[in-house]
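1. next one to model:
(2 chains)
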Amino acid sequence: MSQAGDIPVLKASVHDVRYLSALLRGVNFANRATVTVTEKGLVIVVEESRTLLGTAYIFSDAFDEFIYHAEAEAPEAQGSQRQQQTVNEELFSAFEIPLNIFLELLNIFGTAGGPATSKPGRFKAWRKPGDESEEHESDGGEGGGAQDEGSSNKKAKTGQFFGGGSERKTGMRLTYIGPGYPLTLIVAEDASGLTTTCEIATFDAEPHLELPFDSDQMMLKIILKSSWLRDALSELDPSCDKLTFIGNPSDVPDAGAHTARQRQRARMQAQPNFRIEATGTFGNTEMDYPNDRDVLESFECEAPVRFSYRFSHIARTIRALQTSVKTSLRIDNEGLLSLQFLMPSSTPRMNPVEVTSNFIEFRCLALEEDP
Amino acid sequence: MRFRAGVENVTTFFRIMQSVEKLQKKCIIKFTEENMQVICNNDANEGGIQVWSQIKIDSIFNNYRIQSNSNNEITVNLTCEALMGALRSVSTSSGTSNSASGSSYETDEVIIKLAKKNDQAVLNFEITGTTRVGRKVRIGHDVKIEVMKPADVVKLSEPMCPEPDIHVLLPSLQKIRTIVERLRSMSDVLAIRASQSGCLQLSINTESVKVDTEWKNCTIPQMMKERASQDDNADDPPPDPEHLFSVLVSVRSFLKFLSSHVVSTTTIACICQNHCLILYVYIGDVADAGGVLTFYIPAIIDDE
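-> Below you'll find the model as predicted:
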C-alpha cells in the first residue's frame, strides 16, 4: 500500500457539482455503489435484486481536471487483494463507496440542486407539481415542429433541470490514493472560503451482476425525448406491479396509400408500434406511441416483442429519466431491457469544444411469464 | 400580584417562542421589572440542552407594569403551544405580508395581563383591531398558566460552567443548519472546534465517513483576551493561535439550537472543552441587543 501512497490513483475536480450530482442521483437507489476508474472517466454501478443494474458513465472531460494514475504493479501475493486488473490492455481501479453519503456530502451546502438526496431506498414522489407544469409548456412548444431548434435550445434548457437554482456554485475535488485509503472529497463554495473535507471509507469492489446486451439480438430500439417517456411513466399509479413494453414492426404503408389520410387510416388499423402497458391491482393502463418522428426519433423493430418488467424496478429509473434529455430504449431477444439516458453536461473549462456526453444506463431482466 | 403590559413586538416574541418550542412543550417565563426570562431546563430534554434567556422589556413590551410580593417578580409555567396560538392570532394579522391573506382586521393593540378565571390562573391576551370597514373588533385569548411559588423559583439555577476556552462568532445559522442537517443522517455526535486564528470546524467522524467543514476568518471576540489578562494566570505563555479547542455535542441537540435561526442576528459560541457548548443568540443588533437566548448544550465525553 505504501508504494501506492506517493501518487494518487485518482485526482479529479469540477467547478460546479450540480451536473455530477444529477448523474449520481440518477443511480442512487442502492446504498453501495462500485466506482470504476479508468483513464476515460468514472463508471458507477449500482444493482438491485440481481435484476436491475444501474450504471452512470461520467467521462473524464466532464471534469475540469481528471488524472488517473494506474496503481503500481502489485506483487503476485497481493494480486487477489488488489482490484487492479488488465482488461483489453486497459487499466482500471475499482472500489465501493456508500453512494448516498457521497451524494449528501456533494450537496452539503444545499447547492447541488434538485430534490434532496436523503432517505435512501425510499422512492421520491413522482414529480414536483411546480416544475412539471413548466416543463409541459416548453415541451408543447417544441413538439409543434421545432425539432431542429431542440438541440440549440438544449444548453439554455439545461438550466431548468436544476430548477433555476442559486447562482452560487460549489466546486469539488476528489482524491483517491489507492486501495485501503479513503476517498477524499473536498467541497468548496466559491465566495465565502467555506470548505468541507470528507473522507469516505472505501470498500473492496465485489463482483457485480453482468448483464451483457447483445446488440446483434436486438429486437426493439427506440430513441425518444425523455419527456415523452417520463410523462408516460409518471401517469402510472405507483401501485402497479407490472409494466409491459410491446413493440410491433412498423408497417410499410401500402403502395396504394398515397394521401395522408389513407396513410393515417392504415396506421390506425395497424398494431400499435410501441405500447406501454401497466398492470396493477386496480386495473390496466395502456399507452400507445405513434411512430411519428415528432415523438419517436427513431424506431427499429424486427419482429413483434412483448416483455414485462417489475414496475418497482422501472420506477428506479425515474429519477435519472427526469433529469435526462434523451432516452434510448432497447430490448433484446431474451427480454433484457436497456434504458440509456443522455444527461445534460456542463461545459468544462479545459476543452469546451469536444464534450463526450455523460449518460446513465439501466439494464433490467424481464419477468418470466407463463406462456 | 399584578401584571399588565402591551405587546409591541409580537413577531419577536413569537419567534422566540418558536425557537424554544422545539426544545420542550412547556417552558418557564419569569417576568421581572427589567426583563423577561424564558427558561427551558427540563432534565428530560434530548441531550440535556437548556435555554436561559434574558429579553429586555423594552424590546417587546410597552406600558409594562408588574407587582408582586417576591421582589416584583412573577414566574409562570406555561405551554409554549398555547402562548404561540395566542400570538399567532396577532402576528398573522399585523404582519404586512400576511395582512391580505390573513384575518380581515388590523391589530391596534395587544394587552396581556395576569388574570384568574374559575380559580385558574391565566395570561389573558386582549387583541383589539379595526376591520376593513372600520368596525372595532376584540379578540381574547386565555393561556392557562401555573404561577410558580417563590421557593421553587429560587431553586432554578443556571448551569455552572467553567470559563470558556474560546468564543467565536458563528456564520449564518441558516447555512450551518443546511450543513448539519446533512450530517445528521451520518452521525449522532458532532465535534465543534475553533481556534484563536478564526478557524471554525464542524466535524463528524464515523466508521464510514469523516467530514470536516471549515470556515476561515471567523471573528473571535476580543473580550476573552481582556478577561484572560485580568486573570491571575496572565503570565501563562500566549496560546497557540492555531490550537483548536473542541467539544463534542449531540447532533440533534445542536439542530434544536439551530432552529433559533428565525430570531437570531448574531450568535456567539463558547467552547468549554469537555464540558459544554454555550451559544448566545442575540436578538436584534448586538449594539442595542434586545435580548439574548443562551443555549447550553452539554458535551459528550468521548472515551477515546
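2. quick check: domain ranges of the chain?
-> All of this is about chain A. Annotated domains of chain A cover A:2-114+A:168-204, A:213-364 [automatic domain parsing].
3. not what I meant, chain B
-> Domain ranges of chain B: B:2-155, B:166-298, per automatic domain parsing.
4. among those domains, which is nearest A:Lys326?
-> Counting by C-beta to C-beta, A:Lys326 lies closest to domain B:166-298 out of the domains of chain B; the figure is 31.7 Å. All C-beta spots, glycine's among them, are computed from the backbone N, C-alpha and C.
5. just to revisit the earlier point, out of the domains of chain B, flag the one nearest A:Asp292.
-> domain B:166-298 (45.0 Å).
6. would you mind measuring the gap between the ends of that closest one?
-> Domain B:166-298 has its terminal residues 16 Å apart, counting by C-alpha to C-alpha, to the nearest Å.
7. one more: stretch B:55-65?
-> Terminal-residue distance, stretch B:55-65 (C-alpha to C-alpha): 16 Å.
8. before we move on, the earlier item: in JSON lines, list the domains of chain A along with distance to chain B, mean neighbour count and mean pLDDT.
-> Output for these, formatted as JSON lines (distance: least, C-beta to the nearest C-beta, whole Å; neighbours: other C-beta atoms under 10 Å in any protein chain shown; pLDDT from 0 to 100):
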{"stretch": "domain A:2-114+A:168-204", "distance to chain B": "4", "mean neighbour count": "19", "mean pLDDT": "82"}
{"stretch": "domain A:213-364", "distance to chain B": "18", "mean neighbour count": "17", "mean pLDDT": "84"}
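9. which of these sits closest to B:Val189?
-> Comparing the domains of chain A by C-beta to C-beta, domain A:2-114+A:168-204 comes nearest, at 16.1 Å.
10. looking at the domains of chain A, which is nearest to B:Glu109?
-> That would be domain A:2-114+A:168-204 among those, by C-beta to C-beta, at 40.9 Å.
11. from the centre of chain B, point out the most distant residue.
-> B:Val133 (39.4 Å; C-alpha atoms, centre = their mean).
12. and the pLDDT at it?
-> According to the prediction, B:Val133 has pLDDT 84.
13. so which of the domains of chain B is nearest chain A?
-> Ranking the domains of chain B by proximity to chain A (C-beta to the nearest C-beta) places domain B:166-298 first, at 4.1 Å.
14. now check that closest one, is it near chain A?
-> Yes. Applying C-beta under 8 Å from any C-beta of the partner chain, one finds domain B:166-298 in contact with chain A at B:171, B:175, B:178-179, B:182-183, B:185-186, B:207-217.
15. pull the distance from that domain to the chain's centre.
-> 15 Å (C-alpha atoms, centre = their mean, to the nearest Å).
16. please enumerate the strands of the stretch 101-250 of chain B.
-> B:105-117, B:120-131, B:136-147, B:166-169, B:189-195, B:200-205, B:209-215, B:244-250 (DSSP state E, counting those that start in this stretch).
17. for the helix or strand containing A:Val187, which strands pair with it and how are they oriented?
-> Counting by DSSP states H and E, the element that carries A:Val187 is strand A:183-189. When sheet partners are counted by DSSP bridges, strand A:183-189 sits next to strand A:170-176 (antiparallel), strand A:195-200 (antiparallel).
18. now do that strand against strand B:209-215, angle only.
-> Taking axes from the mean of the first three to the mean of the last three C-alpha atoms, to 10 degrees, one finds strand A:183-189 and strand B:209-215 inclined to each other by 30 degrees.
19. just give me the neighbour total for B:Thr178.
-> When neighbours are counted by other C-beta atoms under 10 Å in any protein chain shown, B:Thr178 registers 16.
20. what separation do you get for the nearest residue to it once chain neighbours are set aside and B:Ala269?
-> Nearest non-adjacent residue to B:Thr178, counting by C-beta to C-beta, 6 or more residues apart in numbering or on different chains: A:Gly110, 4.1 Å away. For A:Gly110, the distance to B:Ala269 equals 21 Å [C-beta to C-beta, to the nearest Å].
21. ok so B:Gln18 is a helix residue?
-> Yes. The assignment for B:Gln18 by DSSP: H, G, I helix; E, B strand; the rest coil puts it in a helix.
22. turn the domains of chain A into JSON lines, columns for distance to B:Tyr64.
-> What follows is these, written out as JSON lines (distance: least, C-beta to C-beta, whole Å):
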{"stretch": "domain A:2-114+A:168-204", "distance to B:Tyr64": "41"}
{"stretch": "domain A:213-364", "distance to B:Tyr64": "56"}
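23. about what we covered before: can you say which of the domains of chain B is nearest to A:Pro272?
-> It's domain B:166-298; of those, that one is closest to A:Pro272 (C-beta to C-beta) at 45.0 Å.
24. let me see the ranges of the helices in the chain.
-> Defaulting to chain A. In chain A, the segments counted as helices under DSSP state H are A:17-26, A:99-106, A:129-143, A:147-161, A:226-235, A:260-269, A:311-315, A:318-323.
25. that's the other chain; I wanted chain B
-> Ranges of helices in chain B, per DSSP H, are B:10-21, B:57-60, B:80-94, B:150-155, B:173-184, B:223-230, B:251-258.
26. report the inter-axis angle for the third one versus strand B:105-117.
-> Counting by the same axes, to 10 degrees, helix B:80-94 lies at 150 degrees to strand B:105-117.
27. equivalent analysis for the last one, please.
-> For the pair helix B:251-258 and strand B:105-117, the angle between their directions (the same axes, to 10 degrees) equals 110 degrees.
28. in helix B:251-258, what's buried?
-> Applying a neighbour-count criterion of 16 or more other C-beta atoms under 10 Å in any protein chain shown, one finds B:Val251, B:Ser253, B:Phe254, B:Leu255, B:Lys256, B:Phe257, B:Leu258 buried in helix B:251-258.
29. again, but for the first one
-> For helix B:10-21, burial by neighbour count (16+ other C-beta under 10 Å) applies to B:Val10, B:Thr12, B:Phe13, B:Phe14, B:Arg15, B:Ile16, B:Met17, B:Gln18, B:Ser19, B:Val20, B:Glu21.
30. need these in a markdown table (columns: distance to chain A and pLDDT).
-> A markdown table is the format used below for these (distance: C-beta to the nearest C-beta, whole Å; pLDDT from 0 to 100):
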| residue | distance to chain A | pLDDT |
| --- | --- | --- |
| B:Val10 | 30 | 87 |
| B:Thr12 | 27 | 87 |
| B:Phe13 | 29 | 90 |
| B:Phe14 | 26 | 89 |
| B:Arg15 | 22 | 88 |
| B:Ile16 | 26 | 90 |
| B:Met17 | 27 | 90 |
| B:Gln18 | 21 | 89 |
| B:Ser19 | 21 | 88 |
| B:Val20 | 25 | 89 |
| B:Glu21 | 24 | 88 |
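31. is it true that A:Ile7 touches A:Glu71?
-> No. Assessed by C-beta atoms under 8 Å, A:Ile7 is found out of contact with A:Glu71, at 9.4 Å.
32. all set now, cheers.
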